[in-house]
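**Q** I need the structure of the sequence given here:
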Amino acid sequence: MIKTSSHVGSYEYEAQEDRSAPRTRISIPGHLRPAGAKRLATTTRDISLSGFAAIALNRLQPGTTCWLTMPDMPALQADVMWWEGGIVGCAFKHLLDPADLKQLLERWM
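**A** From the prediction side, this is the model:
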């Protein structure tokens, strides 16, 4: 048996349990701030309970911690999973609350 430090509610746990939600295409202006760097203007291009993809013209390395800020939402901590062609895919440190996701979708779709 492999021992992990994942806990219920973490991205790693939910991904292992195959409970990651489908992403919804969207366009939400905001900022992305990688750890130790200045915040960058971005547009969130898709979002789910477990993560998002956003514009990031500067290459971000997988494993980098960052914070996504969108209008009327607190900053959301995430980890970079991939970067390709100016788009970054990130996994939220804590799953997004379903009510918050619903509110975002209602406002921005």
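**Q** shaky segments in the chain?
**A** 1-21 (pLDDT under 70).
**Q** and the longest helix along it, what does it pack onto?
**A** Looking across the chain with DSSP state H, the single longest helix is helix 98-108. Applying 3 or more CB pairs under 8 Å, 6 or more residues apart in numbering; DSSP states H and E, we find helix 98-108 packed against strand 24-34, strand 40-47. To be clear about C-beta, it is placed using only N, CA and C from the backbone, and glycine gets the same treatment.
**Q** buried residues in it?
**A** 101, 104 (16 or more other CB atoms under 10 Å).
**Q** Same question for stretch 39-47.
**A** 40, 42, 44-47.
**Q** Residues contacting the longest helix of the chain, please?
**A** 24, 26-28, 47-49, 70, 72-73 (CB atoms under 8 Å, 6 or more residues apart in numbering).
**Q** can you give me how far it is from the chain middle?
**A** Centroid separation between helix 98-108 and its chain, computed with CA atoms, centre = their mean, to the nearest Å, is 14 Å.
**Q** Which secondary structure element is home to the closest residue in space to residue 56 that isn't next to it in sequence?
**A** Distances taken as CB to CB, 6 or more residues apart in numbering place residue 88 nearest to residue 56, at 3.9 Å, with adjacent residues excluded. According to DSSP states H and E, residue 88 maps onto strand 87-92.
**Q** and that strand, what does it pack onto?
**A** Checked by 3+ CB pairs under 8 Å, 6+ apart, strand 87-92 has helix 11-16, strand 51-55, strand 76-84 packed alongside it.
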